[in-house]
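*Asks:* quick one: sequence plus predicted model below, questions after.
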Amino acid sequence: MLVIWTDCDREGEAIGFDVIDVCTRSSRGRIEVLRAHFSAMTFQNISEAMSTLTPPNKFLSDAV
């Protein structure tokens with residue numbers, strides 16, 4: 001499993017898809033990819049992000 005933890009903006013989403021491309025090529029596509037959304041580096045925000053992982057948003061990435 002790959003969890004993307006980049007900034008929660010369009011640029012962060014685009015960087016996440018760059019990472020996804022590299023990782024899925026090296027794993028031959030056999031990897032689950034999820035996205036963490038957080039607004040601060042606090043225990044509460046990180047814990048909440050881990051419990052609410054979502055698929056990455058290609059539309060947001062393409063908007064860069």
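*Replies:* Alright, I've got the coordinates. All values derive from a computational prediction rather than experimental measurement. Numbering: from 1, shown residues only.
*Asks:* buried stuff in the longest helix along the chain?
*Replies:* When the chain is parsed with DSSP state H, its longest helix is helix 10-26. Buried residues in helix 10-26, defined by neighbour count with 16 or more other Cβ atoms under 10 Å: Gly12, Glu13, Ala14, Ile15, Gly16, Phe17, Ile20. C-beta coordinates here come from the backbone N, C-alpha and C atoms, glycine included.
*Asks:* return the distance of it from the chain's centre.
*Replies:* Taking Cα atoms, centre = their mean, to the nearest Å, one finds the center of helix 10-26 at 8 Å from the center of the full chain.
*Asks:* any chance of the buried residues of helix 10-26 in JSON lines, plus pLDDT?
*Replies:* Below are these laid out as JSON lines (pLDDT from 0 to 100):
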{"residue": "Gly12", "pLDDT": "91"}
{"residue": "Glu13", "pLDDT": "93"}
{"residue": "Ala14", "pLDDT": "93"}
{"residue": "Ile15", "pLDDT": "94"}
{"residue": "Gly16", "pLDDT": "94"}
{"residue": "Phe17", "pLDDT": "93"}
{"residue": "Ile20", "pLDDT": "92"}
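*Asks:* quick check, nearest of those to Arg35?
*Replies:* The shortest gap between Arg35 and any of these belongs to Gly16, at 6.5 Å (Cβ to Cβ).
*Asks:* how far does the least confident helix or strand in the chain by mean pLDDT sit from the chain's center?
*Replies:* In the chain, the helix or strand scored least confidently by mean pLDDT, DSSP states H and E is helix 58-62, which has a mean of 85. With Cα atoms, centre = their mean as the basis, helix 58-62 stands 12 Å off its chain's centre.
*Asks:* can you tell me which helices and strands that helix packs against?
*Replies:* Secondary structure elements in contact with helix 58-62, counted by 3 or more Cβ pairs under 8 Å, 6 or more residues apart in numbering; DSSP states H and E, are helix 10-26.
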